[in-house]
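**Q** Quick one: sequence and predicted model below, then my questions.
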Amino acid sequence: MASHPDFVNYMAEQLREAGAIRSRKMFGEYGLYCDDVFFAVVCDDQLFVKVTPQGEAAFPDLPKAPPYEGARDSFLVEDVENREQMTELVRITCEALRSGPQRKRRK
(Lines give C-alpha, C1' and ligand atoms only; values in the text may rest on other atoms or scores of the structure.)
Protein backbone atom coordinates (compact mmCIF):
# COMPACT_ATOMS: atom_id res chain seq x y z
CA MET A 1 0.00 0.00 0.00
CA ALA A 2 1.51 3.31 -1.05
CA SER A 3 1.45 6.39 1.13
CA HIS A 4 -0.96 9.21 0.38
CA PRO A 5 0.51 12.59 -0.60
CA ASP A 6 -1.83 14.27 1.92
CA PHE A 7 -0.22 12.32 4.77
CA VAL A 8 3.28 13.22 3.53
CA ASN A 9 2.31 16.89 3.35
CA TYR A 10 0.88 16.65 6.87
CA MET A 11 4.18 15.21 8.14
CA ALA A 12 6.09 18.06 6.49
CA GLU A 13 3.75 20.57 8.14
CA GLN A 14 4.10 18.89 11.55
CA LEU A 15 7.92 19.04 11.26
CA ARG A 16 8.26 22.59 9.89
CA GLU A 17 9.90 23.88 13.08
CA ALA A 18 12.80 21.42 12.66
CA GLY A 19 13.95 23.10 9.43
CA ALA A 20 13.17 23.18 5.73
CA ILE A 21 11.28 19.93 5.17
CA ARG A 22 10.84 18.49 1.70
CA SER A 23 9.72 15.14 0.40
CA ARG A 24 10.79 13.08 -2.58
CA LYS A 25 8.90 10.20 -4.10
CA MET A 26 11.00 7.03 -3.87
CA PHE A 27 9.92 3.59 -5.07
CA GLY A 28 6.24 4.35 -4.54
CA GLU A 29 6.83 5.79 -1.08
CA TYR A 30 8.48 9.00 0.14
CA GLY A 31 11.80 10.11 1.56
CA LEU A 32 11.91 13.14 3.87
CA TYR A 33 14.71 15.68 4.02
CA CYS A 34 15.36 18.41 6.58
CA ASP A 35 17.70 21.13 5.37
CA ASP A 36 18.83 18.66 2.65
CA VAL A 37 19.60 15.86 5.14
CA PHE A 38 17.78 12.60 4.37
CA PHE A 39 16.37 11.56 7.74
CA ALA A 40 13.17 9.55 7.29
CA VAL A 41 10.82 7.65 5.03
CA VAL A 42 7.07 7.52 4.91
CA CYS A 43 5.85 4.01 4.10
CA ASP A 44 2.22 2.91 4.24
CA ASP A 45 1.33 6.27 5.82
CA GLN A 46 3.73 5.69 8.73
CA LEU A 47 6.75 7.81 9.65
CA PHE A 48 10.08 6.01 10.06
CA VAL A 49 13.05 8.11 11.27
CA LYS A 50 16.66 6.92 10.98
CA VAL A 51 18.14 5.59 14.21
CA THR A 52 21.20 7.38 15.59
CA PRO A 53 22.93 6.88 18.96
CA GLN A 54 21.86 10.41 19.92
CA GLY A 55 18.25 9.68 19.01
CA GLU A 56 18.30 6.45 21.01
CA ALA A 57 19.68 8.30 24.03
CA ALA A 58 17.02 11.00 23.84
CA PHE A 59 14.10 8.68 23.00
CA PRO A 60 14.89 5.23 24.41
CA ASP A 61 11.24 4.17 24.48
CA LEU A 62 10.34 4.86 20.86
CA PRO A 63 9.48 1.64 19.05
CA LYS A 64 11.64 0.48 16.16
CA ALA A 65 10.63 -1.39 13.05
CA PRO A 66 11.83 -1.75 9.48
CA PRO A 67 9.93 0.51 7.06
CA TYR A 68 9.93 -2.25 4.43
CA GLU A 69 11.10 -5.84 4.13
CA GLY A 70 14.88 -6.12 4.26
CA ALA A 71 15.43 -2.62 5.67
CA ARG A 72 17.21 -1.75 8.90
CA ASP A 73 15.10 -0.79 11.87
CA SER A 74 14.05 2.83 12.13
CA PHE A 75 12.17 4.70 14.82
CA LEU A 76 8.47 4.19 14.15
CA VAL A 77 6.76 7.43 15.17
CA GLU A 78 3.28 6.35 16.16
CA ASP A 79 2.12 9.63 17.74
CA VAL A 80 2.31 11.93 14.72
CA GLU A 81 0.19 14.48 16.59
CA ASN A 82 3.01 15.11 19.08
CA ARG A 83 4.71 17.89 17.11
CA GLU A 84 7.18 18.76 19.89
CA GLN A 85 8.50 15.21 20.21
CA MET A 86 8.76 14.73 16.45
CA THR A 87 10.51 18.06 15.96
CA GLU A 88 13.05 17.27 18.67
CA LEU A 89 13.69 13.80 17.25
CA VAL A 90 14.25 15.23 13.77
CA ARG A 91 16.59 17.96 15.07
CA ILE A 92 18.67 15.44 17.04
CA THR A 93 18.72 12.96 14.16
CA CYS A 94 19.72 15.50 11.50
CA GLU A 95 22.43 16.99 13.69
CA ALA A 96 23.85 13.50 14.27
CA LEU A 97 23.67 12.67 10.57
CA ARG A 98 25.37 15.95 9.61
CA SER A 99 28.20 15.49 12.10
CA GLY A 100 28.66 11.75 11.51
CA PRO A 101 31.04 10.17 9.04
CA GLN A 102 30.23 11.12 5.48
CA ARG A 103 29.85 8.33 2.97
CA LYS A 104 31.20 8.79 -0.49
CA ARG A 105 28.64 8.64 -3.27
CA ARG A 106 29.09 6.10 -5.98
CA LYS A 107 29.62 7.49 -9.42
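**A** Structure received.
**Q** Please make it C-alpha for all contacts and neighbour counts, starting now.
**A** OK.
**Q** give the contact list for the residue nearest the centre of the chain.
**A** By C-alpha atoms, centre = their mean, the chain has its centre lying nearest to Ala40, at 2.2 Å. If a contact means C-alpha atoms under 8 Å, 6 or more residues apart in numbering, then Ala40 has 31-33, 47-50 as its contacts.
**Q** which one of those sits closest to Glu17?
**A** Tyr33 (13.1 Å; C-alpha to C-alpha).
**Q** still on that earlier bit, show me what the residue nearest to the residue nearest to the centre of the chain when sequence neighbours are not counted is bridged to.
**A** Excluding the flanking residues, the one nearest Ala40 by C-alpha to C-alpha, 6 or more residues apart in numbering is Val49, at 4.2 Å. On the basis of DSSP bridges, Val49 is bridged to Ala40, Phe75.
**Q** For Val49, give me its contacts.
**A** Under the criterion of C-alpha under 8 Å, 6+ apart, the contact list for Val49 reads 39-41, 74-77, 90, 93.
**Q** and if we set it to 10 Å?
**A** Listed by C-alpha atoms under 10 Å, 6 or more residues apart in numbering, the contact set of Val49 reads 31-32, 38-42, 55, 64-65, 67, 73-77, 86, 89-90, 93-94.
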